[in-house]
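> Have a look; sequence and predicted model below, questions after that.
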Amino acid sequence: MVNRIACFQVFSSLGGRSAVGSVSETLLEETMQGDRLVLSGRGAWLAVAAHDLEATIESLIKKYPSVKTVAIDMSQVERLDTFGAWLLERLVRAFTRDGSKAEVTGLKDDYRALTEEVRKVKLEDIPPRTHGQTLAYALNAIGENIAAIGQSFAAMVNMLGALVVALVRVLSRPRSFRLTSMIHQLDNVAWRAVPIVLLITFLIGCIIAQQGLFHFRKFGADVYVVDMVGILVLRELGVLIVCIMVAGRSGSAYTAELGSMKMREEIDALRTMGFDPIEVLILPRVLALIIGVPILTFLGSMAALYGGGLVCWLYGGIDPDIFLSRLKEAIALNTFQVGMIKAPFMALVIGVVASVEGLAVKGSAESLGRQTTASVVESIFLVIVMDGIFAIFFASIGM
Amino acid sequence: MAQASSNGQREVVIEARGIVVGFGSHIVLDHTDLDVYRGEILGFVGGSGAGKSVLMRTIIGLIPKRAGTIKVFGVNMGEASDVERRAVERRWGVLFQQGALFSSLTVMENLQFPVREYLDLSQRLLDDLAVAKLEMVGLDASVCNKFPSELSGGMTKRVALARALALDPEIVFLDEPTSGLDPIGAGDFDTLIATLQRTLGLTVFMVTHDLDSLHTVCDRIAVLAEGKVIAAGPMDTMLKSEHPWLKSYFRGKRSRAGYQPQGKAVT
């Protein structure tokens, strides 16, 4: 036992190949007796020696392509494991394939069961891993991806429909609504997100004001920075920044939660008990987002305006009084409304995408990771697309 | 192979002495002793929550122990250097209860993973051996490119066993190998373990609840209760014992002896 450990240590410490190289000649010796090839095995045919044994065997097979009889004497082989037994089997098979005769003698009784087991191995062709030709594969991948986009769009519409159905059912039986669950989710997605949302929107407000002041000053238009900050923050940035953060923070959490529940068959368990997973799990989550995101948007917008005002005062020399009166002229109620109206719709998109991706998780841990990534990427993409659509819509109705 | 050495003295491959393991104030194993001999199939039983899996996981080094020594192949695992410990770890294979196949790798890659780490072999030899191991556990090359999530429960166990055997270990640890299998599948799995034990000369440490497995394949049975190994020996000893727990376990309603007193294990 101790020998084998020591042996393994030597092999691994010397980097394997070179160390065993010197031993390899002793593993298998060849002699020609007339037209008969005699091979005699030596030493331990174990996993650590398999690399060199394979090389020896392959070179022997190449060297004697037309030999008629082969005798393999295994009496000097002290130890044999599956690796050695398989290589012996490969040697025998290579010679017998061309109709030559190969005979194994002197094998220890202990190893007979193993060699017989290995002889039974059929070694069918392993199914190919590649998917045909490169061009066909590329076209196939493009097609699959386009189909996947269509399918995920269909899945989102499907989810939206299921949510509406669940909502209608809940409205007809208000007592079945999971209020506790929704409050819990609201705590997670809204209340706990307040500090980080405030911090980031405050910083964004500061940066916009600073950049505006820096560049507008060249034209002597410092005071218009207030217009820019006000309109940009209230119409676009407040809601966008908040939605991107919520998608990364809560959308991903939803996907991971639902995905691991799917993996552990919890969702199936709910279904068998007669509960609708959409109603029990997804509706409270999506509603929590629809309530939480507008609140966060409001808070975020205020923090950004505050940050902008602070920079205008300290860096641009615009007094708070002037900032406020300028802001009052620059924005109207509808500037604020545009941002706030968008918020719940964006929340709905984030919630639906997160739920669809969560339920699409298959059995593996990798799949969970992939769907979570997809959830965040898709919801941020869709939030920005929605923002574009809203911009066109509000422009055409003159808001 | 080497079931017993020439002088009749059986070689101890795992020697656990005075093992204490606890979680917080709850002591699971209280000065537990256990010997496993070379070439045997040891069935390790005990009530649910008695700490069978805990002892197994302590031996393979997944759970830290508070006291005691564990020697595997004569190497004291607590004092061994990293290199020594890795050399010992290379000589055992573990079949976890749920298979623990890597979900992001195919069956083929799962089987080749440990081999690739330890040995420098050609891809062809790796592929050949993976298929050979799969055929030894009763599967074939058609499952090679499947992912673990696409396998049935029985197939998962077989693939996991093949992976545990990938490096030709001398000891295999099996954690409830037949749980979750139908009786036919479980019976086949028992036969498979017995066959592999014979052909590869394995020492098998099997945590199980399956009385059929204990009857058909185990050479020796060790019983864990109240944090100690209260009995160890062949099935006959267990059936003769008057210890109340052993009586209700081996001669209870669900045991063979309960309804089949003329069964071969009793005679």
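That came in fine, so what should we check first? Numbers count the residues shown, from 1 in each chain, chains lettered A, B, ... in the order given.
> Looking at the stretch 51-200 of chain B, what residue ends up closest to chain A?
Proximity of the stretch 51-200 of chain B to chain A (Cβ to the nearest Cβ) peaks at B:Ser149, 2.8 Å away. (Glycine included, C-beta is placed from N, CA and C.)
> How about the contacts made by that residue?
A:Lys362, A:Gly363, A:Ser364, A:Ser367, B:Ser103 (Cβ atoms under 8 Å, 6 or more residues apart in numbering or on different chains).
> try it again with 10 Å
Residues near B:Ser149 by Cβ atoms under 10 Å, 6 or more residues apart in numbering or on different chains: A:Met263, A:Lys362, A:Gly363, A:Ser364, A:Ala365, A:Glu366, A:Ser367, B:Leu101, B:Ser103, B:Ser104, B:Thr156.
> Make a markdown table out of these and add secondary structure.
Shown next, in a markdown table, are those (DSSP: H, G, I helix; E, B strand; the rest coil):
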| residue | secondary structure |
| --- | --- |
| A:Met263 | helix |
| A:Lys362 | coil |
| A:Gly363 | coil |
| A:Ser364 | coil |
| A:Ala365 | helix |
| A:Glu366 | helix |
| A:Ser367 | helix |
| B:Leu101 | coil |
| B:Ser103 | coil |
| B:Ser104 | coil |
| B:Thr156 | helix |
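> closest to A:Pro65 among these?
B:Leu101 (41.3 Å; Cβ to Cβ).
> what's the spacing between A:Ser204 and B:Gly93?
Quick fix: residue A:204 reads Ile, not Ser. 55 Å (Cβ to Cβ, to the nearest Å).
> so where's the chain shaky on pLDDT?
As the question left the chain open, I've gone with chain A. Applying pLDDT under 70 to chain A flags the ranges A:1-25, A:124-132.
> you looked at the wrong chain, it should be chain B
Using pLDDT under 70, chain B drops low at B:1-9, B:255-267.
> hmm, try it at 90
B:1-172, B:174-204, B:206-267 (pLDDT under 90).
> Scan it for its longest helix.
helix B:183-200 (DSSP state H).
> how far does the following helix or strand past it sit from the chain's center?
Using DSSP states H and E, the helix or strand that follows helix B:183-200 in sequence is strand B:203-207. For strand B:203-207, the separation from the chain centroid amounts to 3 Å (computed by Cα atoms, centre = their mean, to the nearest Å).
> Tell me what angle strand B:203-207 forms with helix B:183-200.
Orientation note: strand B:203-207 sits at an angle of 150 degrees relative to helix B:183-200 (axes from the mean of the first three to the mean of the last three Cα atoms, to 10 degrees).
> picking up where we left off before, buried stuff in the longest helix of chain B?
Judged by neighbour count (16 or more other Cβ atoms under 10 Å in any protein chain shown), helix B:183-200 contains these buried residues: B:185-190, B:192-197, B:199-200.
> which of the residues in stretch B:204-215 are buried?
Per 16+ other Cβ under 10 Å, stretch B:204-215 contains these buried residues: B:Val204, B:Phe205, B:Met206, B:Val207, B:Thr208, B:His209, B:Asp210, B:Leu211, B:Ser213, B:Leu214, B:His215.
> bridging residues for the third one?
When assigned by DSSP bridges, B:Met206 has beta-bridge partners B:Gly43, B:Leu174.
> if I read this right, it contacts B:Gln97, doesn't it?
No - B:Met206 is not in contact with B:Gln97 according to Cβ atoms under 10 Å; the separation is 11.8 Å.
> shared neighbours of these two, which are they?
B:Leu174, B:Asp175, B:Glu176, B:Pro177.
> Excluding chain neighbours, what is closest to B:Glu40?
B:Asp219 (4.4 Å; Cβ to Cβ, 6 or more residues apart in numbering or on different chains).
> who in the stretch 251-399 of chain A is up against chain B?
A:Met263, A:Lys362, A:Gly363, A:Ser364, A:Ala365, A:Glu366, A:Ser367, A:Leu368, A:Gly369, A:Arg370 (Cβ under 10 Å from any Cβ of the partner chain).
> wait, isn't the second one in contact with A:Gly369?
Right, A:Lys362. No - contact between A:Lys362 and A:Gly369 fails when scored by Cβ under 10 Å: they sit 11.6 Å apart.
> which helices and strands sit right next to whichever strand or helix holds A:Thr373?
With secondary structure defined by DSSP H and E, A:Thr373 is part of helix A:365-396. Applying 3 or more Cβ pairs under 10 Å, 6 or more residues apart in numbering or on different chains; DSSP states H and E, we find helix A:365-396 packed against helix A:134-172, helix A:238-246, helix A:252-263, helix A:333-359.
> Most tightly packed of these?
helix A:238-246 (a mean of 25; mean count of other Cβ atoms under 10 Å in any protein chain shown).
> Counting by contacts, list what it packs against.
helix A:194-216, helix A:283-314, helix A:333-359, helix A:365-396.
> Report the inter-axis angle for that helix versus helix A:333-359.
20 degrees.
> Output helix A:238-246 as PDB, restricted to C-alpha atoms.
Below are the C-alpha coordinates for helix A:238-246, written out as PDB (Å, rounded to 0.1, in the frame of the first residue of the first chain):
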ATOM      1  CA  GLY A 238     -35.600  58.700 -13.000                       C
ATOM      2  CA  VAL A 239     -37.900  55.900 -14.200                       C
ATOM      3  CA  LEU A 240     -35.200  54.300 -16.400                       C
ATOM      4  CA  ILE A 241     -32.500  54.100 -13.700                       C
ATOM      5  CA  VAL A 242     -35.000  52.800 -11.200                       C
ATOM      6  CA  CYS A 243     -36.300  50.100 -13.600                       C
ATOM      7  CA  ILE A 244     -32.800  49.000 -14.600                       C
ATOM      8  CA  MET A 245     -31.900  48.700 -10.900                       C
ATOM      9  CA  VAL A 246     -35.100  46.800 -10.100                       C
END
